[in-house]
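Asks: fold the following and give me the result.
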Amino acid sequence: MEVKSSYLEVNKNILGQNQFLLIAMESYKEYDQVAKKYTDQIAGTKYTIMVHNPEKNIIYEKLDVKVPGICTTPAYKTGEEVACKFVNLVLTISKLEYGKAELRATADKIELLQEK
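Replies: Residues are numbered from 1 along each chain as shown. Okay, here's the model as predicted:
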């Protein structure tokens, strides 16, 4: 049986943690499926996080997490390193090649964690 890899969901426990290090953010544009191109309409915010889980052979890998809607972290400046977590994080496989999977991630919301 063959299915498209984009239909497969990966359990978020593969990342090995619930908290991540936010290292960058930027808005992303809406993709028009009919015209097969990006529009000028802002669809949401893409957060780049650092994931480190040696047990799963994930060594300081970057992962982009797309959150639809207006940016919920106006005080964050790209380049800062801030602990964060996501609400309803969903991982999907976008590509399988040579025994490795490329992941895509979406979430409903990001929460910045304050150091105590």
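
Asks: quick check: longest strand of the chain.
Replies: Ranked by number of residues, the top strand in the chain under DSSP state E is strand 37-53.

Asks: what comes up buried for the following helix or strand past it?
Replies: Note on strand 37-53: by DSSP states H and E, the next helix or strand toward the C-terminus is strand 58-68. Residues 63, 64, 65, 67 are the ones in strand 58-68 that count as buried (16 or more other C-beta atoms under 10 Å). Just so you know, the C-beta spots here come from the backbone N, C-alpha and C atoms, and that holds for glycine as well.

Asks: can you map out the strands along this protein?
Replies: Going by DSSP E, the chain shows strands at 9-10, 20-32, 37-53, 58-68, 82-87, 90-97, 100-106, 109-112.

Asks: would you agree residue 62 is in contact with residue 46?
Replies: No: with contacts counted by C-beta atoms under 8 Å, residue 62 stays clear of residue 46, the gap being 11.4 Å.

Asks: what is in contact with the two at once?
Replies: Counting by C-beta atoms under 8 Å, 6 or more residues apart in numbering, residue 62 and residue 46 have no common neighbour.

Asks: so where's this protein shaky on pLDDT?
Replies: 1-12, 72, 74, 99, 115-116 (pLDDT under 70).

Asks: centroid residue for it?
Replies: Among the residues of the chain, residue 65 comes closest to the average C-alpha position under C-alpha atoms, centre = their mean, at 1.7 Å.

Asks: alright, calling it a day.
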